[in-house]
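> 3D model of this:
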Amino acid sequence: MGDNVFRLTTSDNPYNPFTQWNEWYSFDEGHGYHTCGYLARIANVSDELSDADESIAIDRAINEILTYNLTGLYIKVTEEGFEKAIELAKSSNKT
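Take a look at the predicted model:
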């Protein structure tokens, strides 16, 4: 899995979910995406999992969401790669 921590976001959310959580969450909920709830429904997590196993389960859930991402709305980002991922998503949605 590596050292990267991933988050699920939408391509139109300008806020970084790592560093601007409150703004990110307000934007997401305000647009009716409810990304956290969606991810929680897909992720297979429980209090019995270790932090490492929970991270793996969340990453798998993000990948599953992206597999069925027919509208292209959702993207997977890292803290360091957030800006580049948003730019790439915007440029690919223009075509």
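
> For this protein, which segments count as helices?
With helices called from DSSP state H, the chain shows them at 21-30, 35-42, 51-67, 82-93.

> and these, which one's lowest on average pLDDT?
Lowest mean pLDDT within the helices of the chain: helix 82-93, at a mean of 88.

> wait, what's in contact with residue 9?
By C-beta atoms under 8 Å, 6 or more residues apart in numbering, the residues touching residue 9 are 17, 24, 28, 35, 74, 75, 77, 82. Using the backbone N, CA and C atoms, a C-beta is placed for each residue, glycine as well.

> do that again at 6 Å, thanks
Residue 9 makes contact with 17, 77 under the criterion C-beta atoms under 6 Å, 6 or more residues apart in numbering.

> From residue 52, how far off is it?
23 Å (C-beta to C-beta, to the nearest Å).

> swap in residue 76?
19 Å.

> These two: which has the busier surroundings?
residue 76 (17 against 9; other C-beta atoms under 10 Å).

> Would you mind confirming that that one is in contact with residue 6?
Yes - using C-beta atoms under 6 Å, residue 76 is in contact with residue 6, at 5.2 Å.

> any shared contact partners between these two?
Residues touching both residue 76 and residue 6 (C-beta under 6 Å, 6+ apart): residue 62.

> Can you say which of the helices of the chain is nearest to residue 13?
helix 21-30 (5.0 Å; C-beta to C-beta).

> Distance to residue 13 for the helices of the chain - can I get that in a markdown table?
Shown next, in a markdown table, are these (distance: least, C-beta to C-beta, whole Å):
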| stretch | distance to residue 13 |
| --- | --- |
| helix 21-30 | 5 |
| helix 35-42 | 8 |
| helix 51-67 | 15 |
| helix 82-93 | 8 |
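
> give me phi/psi at residue 33?
Torsion angles at residue 33 (phi, psi; degrees, to the nearest 10) stand at phi -80, psi -40.

> Skip the chain neighbours and tell me the closest residue to it.
Leaving aside its sequence neighbours, residue 33 sits nearest to residue 10 (C-beta to C-beta, 6 or more residues apart in numbering; 5.6 Å).
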